[in-house]
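A.B. asks: Pasting the sequence and the predicted model now:
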Amino acid sequence: MRITIIGTGYVGLVTGACLAEQGNDVFCLDLDAAKIALLNDGGIPIHEPGLVDVVLRNRNAGRLVFSSDIGAAVAHGELLFIAVGTPPDEDGSADLTHVLSAAESIGRHMTGFKVVVDKSTVPVGTGDRVGAIIGGHLALRGVDATFSVVSNPEFLKEGAAVEDFMRPDRIVIGHANDKEGERARLLMTQLYRPFNRHRERTHWMDVRSAEFTKYAANAMLATRISFMNELANLADQVGADIEAVRRGIGSDPRIGHGFLYAGAGYGGSCFPKDVRALSHTASQHDLELLILRAVETVNERQKQVLGRKVMRRFGRDLAGKRFAVWGLSFKPNTDDMRGAPARVLLRELIDSGASVAVFDPVAMDEAARVFARDFTADELARIDFVAGPMEALDGAEALVIVTEWKAFRSPDFAQIKARLNYPVIFDGRNLFQPQLMAEYGIEYHGIGRSALTRTH
Ligand code: UDX
């Protein structure tokens, strides 16, 4: 099938590459000429496992092209995907500028039937706005062409986006019930047939429900995390182990095991933005989603949990003290620093006078870029980017783990103990067994695990 993807950001590029992999003829449009030049040269602007191979293979086969030519892009696809960013506005609402201007481009250029597929995460009702804009431009131009707007939200996890796209657990498609909507449904059914081979994964619904589903999913997941983080903080006080509690409740099939890990708070681009956007949508309808407000507040506080634990142990004045920090990205397998708890930790350590030695397997360049904005030159002088996890330990009072990269899961504990000034680990992701840490003579501070923490 002939597909156009408008926007070659994270979602657009993954979607375009993965659809090309199924034999579709994919045209990726981006107005950023530098990005298009990079992609045409075989470069990939983001770090995402497996993506380079899929992009290059399909580009070389001629099934995946990158261009800034809007007219050609709209002419190419029978299905036009809108996959542009919807960053948060100051009030928390999703900024729809790019989505609406994509709609405008479509309305200005289309001549025959098109299915317009909204993949960007957009507030309920945006599909109607997109339709109105396209319809308005067609009327202005006096063009007698029909179209249908479909909502097809993405559920890609950073670091596993290619895998998630290729093996989706569900496909949500919202469409209209009129003649064009039914035609759109036929085309979407064909497009997703390769992904539904073994069992049908598509949930068909109306456009507004599909738009809502995306926000509801992320809000539910964020709620689980904040809830577990609150329980972990209480577990710390009452001497229970949140990991045992997690297993104990997760085995109830009504609860399930996923997304119950207490930690240093959730980050990334999706959860923080979508939780706020859903709250904002509610407020526009004179509703306050009390649970979601709490989810956000708890998460902001949870990002401070590591800094709090460090200061409880080493005091509020950390001048002259150095700390090793493992993991900077908001989660493993990505270099994304948006909303990363490491940024909050570093801000607190630096404000308290400490210096830090940081290591991340992938996000060092991105972190340097972000820290250049977060910190002054004087503060930056107290942040050392070191070549490996063990190098970070030399001269450090303690190790703080913020991101659960695989390479951090089974380190040489004897070496950690030998290289740190004090053998103290603050583990923001509960990677290790507290009892084993006690065996090594390492003082261990997990999240919600005080029952098992021994001090030496
Ligand atoms: C999320 C959704 O999972 C995805 O479906 C949606 O399309 C985009 O948002 P992503 O932000 O890439 O994906 O990351 P995810 O793996 O979901 O993790 C989000 C955050 O929650 C991370 O900071 C992670 O550390 C944290 N988390 C996750 C926890 O703290 N505990 C958990 O149990 C799970």
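C.D. replies: Cool, got the structure.
A.B. asks: What is the three-state secondary structure of the spatially most central residue of the chain?
C.D. replies: With distances taken as C-alpha atoms, centre = their mean, the residue of the chain nearest its centroid is residue 268 (4.2 Å). Residue 268 falls in the coil class when you classify it by DSSP: H, G, I helix; E, B strand; the rest coil.
A.B. asks: Find the nearest non-adjacent residue to it, please.
C.D. replies: Nearest in space to residue 268, with sequence neighbours left out and distances taken as C-beta to C-beta, 6 or more residues apart in numbering, is residue 330 at 4.8 Å. For glycine as for every other residue, the C-beta is placed from the backbone atoms N, C-alpha and C.
A.B. asks: what's the burial count for the one you found?
C.D. replies: The burial count assigned to residue 330 is 28, neighbours taken as other C-beta atoms under 10 Å.
A.B. asks: what's the residue nearest to the centre of the chain in contact with, if anything?
C.D. replies: By C-beta atoms under 8 Å, 6 or more residues apart in numbering, the residues touching residue 268 are 158, 330, 331, 336, 338, 339.
A.B. asks: if we can go back for a sec, relative to residue 360, how far out is the residue nearest to residue 268?
C.D. replies: When C-beta to C-beta, to the nearest Å is applied, the distance between residue 330 and residue 360 equals 11 Å.
A.B. asks: Pull up the overlap in contacts between the two.
C.D. replies: By C-beta under 8 Å, 6+ apart, the residues touching both residue 330 and residue 360 are residue 403.
A.B. asks: Pretty sure residue 212 sits against residue 124.
C.D. replies: Yes: the pair residue 212 / residue 124 is scored as a contact, 5.1 Å apart, by C-beta atoms under 8 Å.
A.B. asks: And stretch 204-220, how far out from the chain middle?
C.D. replies: With C-alpha atoms, centre = their mean, to the nearest Å as the basis, stretch 204-220 stands 17 Å off its chain's centre.
A.B. asks: Show residues contacting it.
C.D. replies: 118, 121-128, 149-155, 172-177, 185, 203, 270-271, 274-275, 277-278, 281, 292, 295.
A.B. asks: what number of residues lie near residue 369?
C.D. replies: 12.
A.B. asks: That should have said residue 143, apologies.
C.D. replies: Using other C-beta under 10 Å: residue 143 sits among 14 other residues.
A.B. asks: Ramachandran coordinates for residue 229?
C.D. replies: The phi and psi torsions at residue 229 (degrees, to the nearest 10) take the values phi -70, psi -40.
A.B. asks: What does the pLDDT read for the residue lying farthest from the centre of the chain?
C.D. replies: Relative to the centre of the chain, the most outlying C-alpha is that of residue 142, 41.8 Å out, by C-alpha atoms, centre = their mean. pLDDT for residue 142: 97.
A.B. asks: I'd like the distance between it and the ligand.
C.D. replies: From residue 142 over to the ligand the distance is 40 Å, taken as C-beta to the nearest ligand atom, to the nearest Å.
A.B. asks: so who does that residue touch?
C.D. replies: By C-beta under 8 Å, 6+ apart, residue 142 lies in contact with nothing.
A.B. asks: buried stuff in stretch 424-434?
C.D. replies: Of the residues in stretch 424-434, those with enough neighbours to count as buried (16 or more other C-beta atoms under 10 Å) are 424, 425, 426, 427, 428, 429, 430, 431, 432, 434.
A.B. asks: The first one: what's it in contact with?
C.D. replies: Yep, that's residue 424 we're talking about. Residues 313, 397, 398, 399, 442, 443, 444, 445 are the ones in contact with residue 424 under the rule C-beta under 8 Å, 6+ apart.
A.B. asks: ok, 6 Å please
C.D. replies: Contacts were defined as C-beta atoms under 6 Å, 6 or more residues apart in numbering; by that measure residue 424 touches 398, 443.
A.B. asks: That one and residue 351, how far apart?
C.D. replies: When distances are taken as C-beta to C-beta, residue 424 and residue 351 turn out to be 20 Å apart.
A.B. asks: same question, the second one
C.D. replies: Spatial separation of residue 425 from residue 351 under the definition C-beta to C-beta is 22 Å.
A.B. asks: next one: the fifth one
C.D. replies: If you measure residue 428 against residue 351 using C-beta to C-beta, the figure is 18 Å.
A.B. asks: which stretches of the stretch 251-400 of the chain form strands?
C.D. replies: Defined through DSSP state E, counting those that start in this stretch, the strands belonging to the stretch 251-400 of the chain, from first to last, are 322-326, 355-359, 383-385, 398-401.
A.B. asks: which other residues reach the second one?
C.D. replies: Just to be clear, that refers to strand 355-359. Contact with strand 355-359 is made by 322-326, 349, 382-386, 389, 392, as judged by C-beta under 6 Å, 6+ apart.
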